[in-house]
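Novice: No letters, just coordinates:
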């Protein structure tokens, strides 16, 4: 069993949103289109195309940052720590008097970024575990996830 208390910050939420967006089809298409515009604009010396490509490349991260800050400040559940218990049956998250459990079979995937371990509970929702807050529990958390989820669902880098 692994127990951790997590306080999700706006930057932790931004890290999750960036990873989620740039691993989706629309994020990949947007980044590719922006990069192609920059390269084509530079090679053909079409400065409006170059500028358009830079705008496309900068628009998404800036927009995601702004939305993450707004979502974090508007959502009261981010203002208080979340208590997670990961055991053989699944993951239980509680905050105050409210508690919710999900079995391991219901978990969609687990991934990592340089800052966080992200456990998807649905295609769009996830539990974010910032590595800086895990301390010596990080390895135990990764082992718990890896033990209870199918290997194809776990993409955690150390």
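Specialist: Thanks, I have it. Please read these numbers as outputs of a predicted model, since none were measured by experiment.
Novice: In this structure residue 40 contacts residue 49, no?
Specialist: Yes - with contact defined as Cβ atoms under 8 Å, residue 40 reaches residue 49; the gap is 5.8 Å. Every residue, glycine included, has its C-beta placed from N, CA and C.
Novice: The two - which one has more neighbours?
Specialist: residue 49 (18 against 14; other Cβ atoms under 10 Å).
Novice: ok, that one to residue 75 distance?
Specialist: According to Cβ to Cβ, to the nearest Å, residue 49 stands 39 Å off from residue 75.
Novice: same check, this time on residue 153
Specialist: Counting by Cβ to Cβ, the gap from residue 153 to residue 75 is 27 Å.
Novice: So between the two, which is more surrounded?
Specialist: Legend: neighbour count by other Cβ under 10 Å for residue 153 and residue 75, higher for residue 153 (16 against 11).
Novice: from what I can see the more buried one touches residue 105, true?
Specialist: No - using Cβ under 8 Å, residue 153 makes no contact with residue 105, being 10.6 Å away.
Novice: Which residue ranges make up each domain of this structure?
Specialist: Domain segmentation of the chain under automatic domain parsing yields 2-8+78-155, 12-74.
Novice: any chance of the ones you listed in a markdown table, plus mean pLDDT?
Specialist: Conversion of these to a markdown table gives the following (pLDDT from 0 to 100):
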| stretch | mean pLDDT |
| --- | --- |
| domain 2-8+78-155 | 94 |
| domain 12-74 | 91 |
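Novice: Pull the contacting residues for residue 140.
Specialist: When contacts are counted by Cβ atoms under 8 Å, 6 or more residues apart in numbering, residue 140 touches residue 2.
Novice: Pull out the buried positions in the longest helix seen in the chain.
Specialist: Criterion DSSP state H: the longest helix present in the chain is helix 47-74. The neighbour-count check on helix 47-74 (16 or more other Cβ atoms under 10 Å) flags 49, 50, 52, 53, 56, 57, 60, 64, 65, 68, 72 as buried.
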